[in-house]
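Novice: Need coordinates for the below:
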Amino acid sequence: MISKKHILPLAVLISLAFSKQTNAGVFGGQENNQDCDGGIILHSKIDDENPVKLTKDDFPKDKKIYKLNQYVEFGRHEGTCCYKLIVNKNYKLDVMDSGDHEVKRVVKRVAMIDCVKTGNIVVPVVATSFAIILIATIVILLRRRYQHRKALSVPTEETS
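Specialist: Sure thing, here's the model as predicted:
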């Protein structure tokens, strides 16, 4: 029989085993921005005739940050490189997918980043919670069964 003090460690162990099997870490994208190609085009207005065009060659080799300090209406991402548009320390926009991205802010810097997308953490959390509830239910049912059998096996005055 499993005692109450062993329920929590057992639940944690099972949840860790389940979460290791569920790949919720990183998926897709290129891991090294040295191998990327293409670029990003930043437009200051809808019909901009002179947009800022950035490729990996425009970024310094050591920092991978390009100082811009310009209003950007939208950006068009082309190719496999990934970028972070830095507006201020609290607002940053990751540009990883190809196509148009609405910005409508003054972008201070553009950083070249690794193309790493994080997975959805909701699935493992819900599954782990379900596993803990399932284990607790099983333990409670087994405990009740054990107590019921123990109560039936206790001799009474009538049987002795």
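Novice: Provide a list of residues in contact with Val154.
Specialist: Contacts of Val154 were listed using CB atoms under 8 Å, 6 or more residues apart in numbering, and none were found. Bear in mind the C-beta positions are built from the backbone N, C-alpha and C, glycine included.
Novice: Need the contact partners of stretch 74-94.
Specialist: 29-30, 33, 35-43, 46, 54-56, 72, 95-115.
Novice: Could you report the pLDDT at Thr55?
Specialist: pLDDT recorded at Thr55 is 88.
Novice: Quick check: it touching Gly38?
Specialist: Yes: under the criterion of CB atoms under 8 Å, Thr55 makes contact with Gly38 at 7.2 Å.
Novice: Can you pick out the residue with more neighbours from the two?
Specialist: Neighbour count, other CB atoms under 10 Å: between Thr55 and Gly38, Thr55 has more, with 16 against 12.
Novice: Quick check: nearest residue in space to the more buried one, chain neighbours excluded?
Specialist: Excluding the flanking residues, the one nearest Thr55 by CB to CB, 6 or more residues apart in numbering is Gly39, at 3.8 Å.
Novice: before we move on, which element is the one you found in?
Specialist: strand 38-43 (DSSP states H and E).
Novice: Buried residues, that strand. List them.
Specialist: For strand 38-43, burial by neighbour count (16 or more other CB atoms under 10 Å) applies to 39-43.
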